[in-house]
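**Q** Give me coordinates for this.
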Amino acid sequence: MKRVAFAAAALALVAGLATGCGGKGSGEAGGGSTASGEVGVVLPFLTSPFWQAYNHYVPQQAAAQGVDALPTVNSDSDPSKQIRDIQNLLTRDVKGLVVSPLDSGAIGGGLNAAARRGVPVIAVDVAPDKGKVAMVVRADNRAYGEKACRRLGQAVKTGKVVQIQGDLASINGRDRSESFTECIRKNYPDIRILNVAASWQADKAATGLEALYTANPDVKGIYMQAGGVYLAPTLQTLKRHNALVPVGNPRHIVIVSNDGILQELDAIRRGEIDATVSQPADLYAKYGMYYIKRAMEGETFKVGPTDHNSTIVRLPSGSLEDELPAPLVTRENVDDKNLWGNRVG
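**A** Residues are numbered from 1 along each chain as shown. From the prediction side, this is the model:
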């Protein structure tokens, strides 16, 4: 997820409607009258195809569900700017906010400002460590690390693997790193993890992987916590070292990623990487709009299964989180048309 330049083609994404949400007030996620008041939508950055896709889905889902969403605001990878963006939207007198936090701790200031004005907030993709939100719309990020561990561990069994980490100020980076590391240590004790602290930034991923691979040319696997920003620099680094060989070649480096963008799916098809966890950009937009509409209407929600193949859980912070499904994508299912990454034109 962070600074990388992609010459992204125009996104023509089809946001199909599915059935609605569980907890209190379950029903159809779509249609109905427009929720009263404008809604501000704050993005973390737009330098990843994942966030470009989410940005495209937001106005589609807002229109489909009767939410008066303002044009999205890009915080450009700056947690301080994100707080200012929230404050500016509150000054505009928005009645709801859908925010994708950059920093799980720092976002508390913005959430508190919204709470003082009685403005409900939905957090998308990243859960805050503190502050009030009506719902967190997210996938189980610990499961991301677990799935990567299992896929890499079964293939590598012994030797060195690189973990290109996200920002540890974000609960997503912490969850993925902790679960991957714990799983490897418990189940594959003969695997040694070499960490690259990349903070969702492509340049840090490139520099860190270059240094590690130069010193450890016997690396057998790589876990990229965000394919949207780490895929390109990883493949470029391996190419420079003549180490990008396809699946089936004895020299192949096993690579597992997170995001589910089209570029990752194509890399799986070419045999360059082995798998990715498809983070649901389409459902993030859909249920972000679903929950903010109902929160603005005064609705509250409860722990338990939903009617859209997910479960609402209570986080240690006290917030509720709708954990949306995020399937593992391999060569066996990469052409599944239900994957949002395959709906990129």
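**Q** helix, strand or coil for residue 231?
**A** Assigned by DSSP: H, G, I helix; E, B strand; the rest coil, the conformation of residue 231 is helix.
**Q** Just to check, residue 193 is in contact with residue 165?
**A** No - applying CB atoms under 8 Å as the test, residue 193 and residue 165 come out as separate, 10.2 Å apart. From N, CA and C alone the C-beta is placed, and that goes for glycine too.
**Q** neighbour count winner among these two?
**A** Counted by other CB atoms under 10 Å, residue 193 and residue 165 do not tie: residue 165 has more neighbours, with 26 against 18.
**Q** Provide the backbone phi and psi angles at residue 212.
**A** Backbone torsions for residue 212, taken as degrees, to the nearest 10, come to phi -70, psi -40.
**Q** Just the buried positions in the helix or strand harbouring residue 222, please.
**A** In this structure, residue 222 is located in strand 219-224 according to DSSP states H and E. Neighbour-count burial for strand 219-224 flags 219, 220, 221, 222, 223, 224 (criterion: 16 or more other CB atoms under 10 Å).
**Q** in the sheet, who's paired with the fifth one?
**A** Put plainly, it is residue 223. Residue 223 has these beta-bridge partners by DSSP bridges: residue 163, residue 256.
**Q** Quick one: residues contacting it.
**A** Taking CB atoms under 8 Å, 6 or more residues apart in numbering, we find residue 223 in contact with 145, 148, 149, 152, 161, 162, 163, 164, 180, 255, 256, 257.
**Q** what ranges do the helices span in the stretch 101-250 of the chain?
**A** Using DSSP state H, counting those that start in this stretch, the helices of the stretch 101-250 of the chain run over residues 108-116, 141-156, 171-187, 202-215, 227-240.
**Q** The strand holding residue 222: how far from the chain's middle?
**A** Centroid separation between strand 219-224 and its chain, computed with CA atoms, centre = their mean, to the nearest Å, is 20 Å.
**Q** Listing request: residues of the stretch 1-150 of the chain with sub-threshold pLDDT.
**A** Low-confidence segments of the stretch 1-150 of the chain (pLDDT under 70): 1-35.
**Q** Going along the chain, name the strands of it.
**A** Under the criterion DSSP state E, counting those that start in this stretch, strands of the stretch 1-150 of the chain are mapped to 38-43, 68-69, 73-74, 96-99, 121-124, 135-139.
**Q** out of the buried residues of strand 219-224, what pair is the most spread apart?
**A** Farthest pair in these (CB to CB) is 220 and 224. Separation: 14.8 Å.
**Q** so residue 178 sits right up against residue 145, yeah?
**A** Yes - with contact defined as CB under 8 Å, residue 178 reaches residue 145; the gap is 7.0 Å.
**Q** between the two, which one's more packed in?
**A** Shown here are residue 178 and residue 145; by other CB under 10 Å, residue 145 has more neighbours (27 against 14).
**Q** got the buried residues for stretch 300-318?
**A** Under the neighbour-count criterion of 16+ other CB under 10 Å, stretch 300-318 has 301, 306, 308, 310, 311, 312, 317 buried.
**Q** Can you check the pLDDT for the first one?
**A** This points to residue 301. The per-residue pLDDT reported for residue 301 equals 96.
**Q** From here on, call the first residue 550.
**A** That works, and once the first residue is 550, the last one we named lands at residue 850.
**Q** And what about it, helix, strand or coil?
**A** coil.
**Q** how close does it sit to residue 824?
**A** Remark: distance between residue 850 and residue 824 (CB to CB, to the nearest Å) = 33 Å.
**Q** Who does residue 670 form a beta bridge with?
**A** residue 646.
**Q** That one and residue 762, how far apart?
**A** 42 Å.
**Q** and residue 717, how many residues sit next to it?
**A** Residue 717: 15 surrounding residues under other CB under 10 Å.
**Q** try the one 5 residues further on
**A** Neighbour count for residue 722, taken as other CB under 10 Å: 23.
**Q** ditto for the one 4 residues further on
**A** Neighbourhood size, residue 726 [other CB under 10 Å]: 21.
**Q** Settle this for me: it is touching residue 775, isn't it.
**A** No - with contact defined as CB under 8 Å, residue 726 does not count as touching residue 775 (11.9 Å).
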